[in-house]
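[1] model this:
(chains A and B)
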Amino acid sequence: MDYKDLANLIFPNAKDISYYEEKYPVRNLPEGAVVSRFAPSPTGFVHIGGLYQALVAKEMTKKTNGVFFLRVEDTDQKREVENGVSGIVNSLKDFDILPDEGMISETEEKGNYGPYKQSERKEIYEAFAKYLLEQGKAYPCFCTPEDLDVIRKKQEGAKVRTGYYGVWAKCRNLTVEEAAEKIKNGEPYIIRFKSPGREDRKIKHHDLIKGNVEFPENDQDIVIIKADGLPTYHFAHAVDDHLMRTTLVIRSDEWLSSVPLHLQLFYELGFRPPKYAHISPIMKNDNGNKRKLSKRKDPEAAVSYYKEEGIPVEAVKEYLLNIANSTFENWRRANPDKSLDEFDFQLNKMSVSGALFDMVKLLDIGKNVISRMTAQEVYDNALNWANEYDKDLAKILEDKDYALKVFGIERGNKKPRKDLSKWSDVKENIIYMYEEPTNYDFDKISGEDAKKVIEEYSKVYDYNDDKQAWFDKIKDVAEKLGYAREVKEYKANPENWPGHVGDVSTVIRVVLTGRRNTPDMYEIMQVLGKDEVTKRFENFIK
RNA sequence: GGCCCCGUGGUCAAGCGGUUAAGACAUCGCCCUUUCACGGCGGAGACAUGGGUUCGAUUCCCGUCGGGGUCACCA
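    Below is the predicted model:
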């Protein structure tokens, strides 16, 4: 009996690997084209760090006319979640990071290199496991979890490295006859990779982001096929990325230390390894300590959060690009109106250490993103968001013509308003254009004095005044009631007046909007219209 | 603990042997002849630390300290 017989005993029906090699030929792509992927577990939840990786992968494939695909890594049934794939597909859709191939819904996929869901690739993994078995590069292991526990305890006691390797790898040296016997007796087993590595040797590796790194060789006989018949991540990674002809693996840097193992797997399988780019995670400051953004503790870890909050998609992407490439910010400043697509993304410009997530900065970007939009775009986005998350706002926005005028206030000029960072800011920023204030929070001038201001101003207010005439009238009112006509005069001798024209303006502003801070009063009054302005004055005076 | 990665202002970050050590966000002040949001000008604020190497180190090497990752039949 030899390895081949043992392999046949274990996987009697597995196809020869040549079948798959032919079925998934090397891609016919232009020189330098990058094939990369986003390969999450189907938990339905997309972490902002995952989106970050997907964005980077998408950028790299786009700029090289390559292929970006979505593969679902569902080899751990314990973590399986209902509609997990849809959640991922939809999140990518929300951020317009669309895969060229791979999963496109819970069950559908497109592309010629599938299945793109690992649980449906079982026979493929078996074929390659069998291939390894035939060459004696893998073996069945009969150790139970309890056995492994005993081994680990001994190793800890002896203060040596833990793991299944070298002399500790009991099943590695079983003869094929012994192994076959156990299998025939129905003993449960898994398949392990027989590592040819030696811990006292180093391997050098060049990571596209981290640069040159050196590790001890892998000597762990890791499991490649689990008791449930599905592959472990390591094995699936090697088989899938080879068969899908991935050229660039972009993933979180928690995988960096697995590189020696993965490289070994590729070599032993006879595959050409891809290039790797290990991305630092996005961190958060937690009482002075840096830690990864946590799904459980930090709502902003989930990409769904940004959608719910109404933070513009473009802003999230710009923020991520900002972290990813320090050149982005300069590029954006030089090209304020260009599409993100035109930015030339550079992998080697990426930071090697993890950035702390900065919501303030994100919101600042959101502010700029929205300020660049036309009233129509603001309207569309706000309505879109409102339809899903704020019915009241959606109702308010029903009168589109009016809404467009409201959003058009101080917009479209060289210095557009920057008071909206996210769509959820919209309502409180425009509500006074729809509802009359119910209480007036005056500043310096209030009570009867405020009433006098409005009474006087009502007499001279004319909707048809241009801005200059409009403001001159407010100055006239100020002067008539004994306030300083010019702010500068007042500031020079504040004791001479009870207030100045600005204070008078504030009264008008508060009566009209209920607040002391608003955009340009003239424009607001124009949009509100003569009748509404008059009505609000009257309601205040009476 | 072993192995690996990282360490420039509060944050993101340029710089990579000789610089007054950029810029952005945040912060503070002034200005923009009504507020705010802008915009303009200005201020404060950093090379973790100790040794080397060098004529000269933020830049190179080593140690220390600090942070992070990884050591599963999870990915």
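[2] the stretch 51-200 of chain A: strands as residue ranges?
    Taking DSSP state E, counting those that start in this stretch, the strands of the stretch 51-200 of chain A run over residues A:67-70, A:101-103, A:109-110, A:138-141, A:190-193.
[3] wait, which of those is closest to RNA strand B?
    Smallest distance to RNA strand B across the strands of the stretch 51-200 of chain A (CB to the nearest atom of the strand): 4.4 Å, for strand A:190-193. C-beta: built from backbone N, CA, C; applies to glycine.
[4] dump the strands of the stretch 51-200 of chain A into JSON lines; add mean neighbour count as well.
    Shown next, in JSON lines, are the strands of the stretch 51-200 of chain A (neighbours: other CB atoms under 10 Å):
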{"stretch": "strand A:67-70", "mean neighbour count": "24"}
{"stretch": "strand A:101-103", "mean neighbour count": "24"}
{"stretch": "strand A:109-110", "mean neighbour count": "18"}
{"stretch": "strand A:138-141", "mean neighbour count": "24"}
{"stretch": "strand A:190-193", "mean neighbour count": "23"}
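[5] now those in JSON lines, with distance to A:T513 and mean pLDDT?
    Conversion of the strands of the stretch 51-200 of chain A to JSON lines gives the following (distance: least, CB to CB, whole Å; pLDDT from 0 to 100):
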{"stretch": "strand A:67-70", "distance to A:T513": "48", "mean pLDDT": "98"}
{"stretch": "strand A:101-103", "distance to A:T513": "50", "mean pLDDT": "97"}
{"stretch": "strand A:109-110", "distance to A:T513": "52", "mean pLDDT": "95"}
{"stretch": "strand A:138-141", "distance to A:T513": "74", "mean pLDDT": "96"}
{"stretch": "strand A:190-193", "distance to A:T513": "70", "mean pLDDT": "97"}
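[6] per-domain residue ranges of chain A.
    A:3-14+A:122-279, A:286-371, A:375-430, A:447-541 (automatic domain parsing).
[7] let's have the ones you listed in JSON lines, adding distance to RNA strand B.
    What follows is these, written out as JSON lines (distance: least, CB to the nearest atom of the strand, whole Å):
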{"stretch": "domain A:3-14+A:122-279", "distance to RNA strand B": "3"}
{"stretch": "domain A:286-371", "distance to RNA strand B": "3"}
{"stretch": "domain A:375-430", "distance to RNA strand B": "4"}
{"stretch": "domain A:447-541", "distance to RNA strand B": "3"}
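[8] dump the ones you listed to CSV, plus distance to A:I88.
    CSV is the format used below for the domains of chain A (distance: least, CB to CB, whole Å):
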stretch, distance to A:I88
domain A:3-14+A:122-279, 15
domain A:286-371, 10
domain A:375-430, 19
domain A:447-541, 40
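[9] looking at these, spot the one closest to A:N112.
    Closest to A:N112 of the domains of chain A is domain A:3-14+A:122-279 (CB to CB; 9.7 Å).
[10] quick one: that closest one to chain centroid distance?
    Offset of domain A:3-14+A:122-279 from its chain centre (CA atoms, centre = their mean, to the nearest Å): 32 Å.
[11] same check on stretch A:357-368?
    Distance, centroid of stretch A:357-368 to centroid of chain: 14 Å (CA atoms, centre = their mean).
[12] please apply the same query to stretch A:355-371.
    14 Å.
[13] kindly report the same for stretch A:394-404.
    Relative to the mean C-alpha coordinate of its chain, stretch A:394-404 is positioned 31 Å out (CA atoms, centre = their mean).
[14] now what about that stretch, what contacts it?
    A:375-376, A:379, A:382-383, A:386-387, A:427, A:430-431, A:433-434, A:527 (CB atoms under 8 Å, 6 or more residues apart in numbering).
[15] buried only: go through these for me.
    A:A375, A:Y379, A:A382, A:L383, A:A386, A:K427, A:I430, A:I431, A:M433, A:V527 (16 or more other CB atoms under 10 Å).
[16] name the nearest residue to A:Y522, sequence neighbours excluded.
    What sits nearest to A:Y522 in space, not counting adjacent residues and going by CB to CB, 6 or more residues apart in numbering, is A:K467, at 4.9 Å.
[17] which residue ranges of the stretch 151-300 of chain A form helices?
    Along the stretch 151-300 of chain A, the segments classed as helices by DSSP state H, counting those that start in this stretch run A:176-184, A:233-243, A:259-269.
[18] who are the packing partners of the one helix or strand A:Y306 maps to?
    A:Y306 belongs to helix A:303-309 when assigned by DSSP states H and E. Helix A:303-309 sits against helix A:48-63, helix A:84-94, helix A:313-324, with contacts defined as 3 or more CB pairs under 8 Å, 6 or more residues apart in numbering; DSSP states H and E.
[19] any buried residues in it, and which?
    Of the residues in helix A:303-309, those buried by neighbour count under the rule 16+ other CB under 10 Å are A:V303, A:S304, A:Y306, A:K307, A:E309.
[20] per-residue confidence at A:N384?
    At A:N384, the model reports a pLDDT of 96.
[21] and for it, the neighbour number?
    Around A:N384 sit 13 other residues, with neighbours defined as other CB atoms under 10 Å.
[22] repeat that for A:S353.
    A:S353 - counted by other CB under 10 Å - has 10 other residues nearby.
[23] that one is in contact with A:S280, isn't it?
    Yes: counting by CB atoms under 8 Å, A:S353 does reach A:S280; the two are 5.6 Å apart.
[24] what residue ranges in the stretch 51-200 of chain A score low on pLDDT?
    Regions of the stretch 51-200 of chain A meeting the criterion pLDDT under 70 are absent.
[25] ok, A:R411 to A:I190 distance?
    Remark: distance between A:R411 and A:I190 (CB to CB, to the nearest Å) = 63 Å.
[26] try A:R79
    Counting by CB to CB - A:R79 and A:I190 are separated by 19 Å.
[27] with A:A469 instead?
    Taking CB to CB, one finds A:A469 at 86 Å from A:I190.
[28] check A:E146 too.
    A:E146 is 14 Å from A:I190, where distance means CB to CB.
[29] do the same with A:Q77
    As judged by CB to CB, A:Q77 and A:I190 stand 15 Å apart.
[30] likewise for A:R509?
    Going from A:R509 to A:I190 by CB to CB gives 74 Å.
[31] same check on A:R291?
    From A:R291 to A:I190 the distance is 33 Å (CB to CB).
[32] now the helices for the stretch 401-542 of chain A?
    A:426-430, A:447-460, A:467-480, A:487-492, A:501-513, A:521-528, A:530-541.
[33] if you compare these, which one is most tucked away?
    helix A:501-513 (a mean of 23; mean count of other CB atoms under 10 Å).
[34] dump that one to PDB, keeping only the CA atoms.
    The C-alpha trace of helix A:501-513 is given here as PDB (Å, rounded to 0.1, in the frame of the first residue of the first chain):
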ATOM      1  CA  VAL A 501     -27.600  97.100  13.700                       C
ATOM      2  CA  GLY A 502     -26.300  93.500  14.200                       C
ATOM      3  CA  ASP A 503     -28.400  93.200  17.300                       C
ATOM      4  CA  VAL A 504     -31.400  94.500  15.400                       C
ATOM      5  CA  SER A 505     -30.800  92.000  12.600                       C
ATOM      6  CA  THR A 506     -30.700  89.300  15.300                       C
ATOM      7  CA  VAL A 507     -34.200  90.200  16.400                       C
ATOM      8  CA  ILE A 508     -35.500  89.800  12.800                       C
ATOM      9  CA  ARG A 509     -33.600  86.600  12.500                       C
ATOM     10  CA  VAL A 510     -35.000  85.100  15.700                       C
ATOM     11  CA  VAL A 511     -38.500  86.200  14.900                       C
ATOM     12  CA  LEU A 512     -38.400  84.700  11.500                       C
ATOM     13  CA  THR A 513     -36.400  81.500  12.200                       C
END
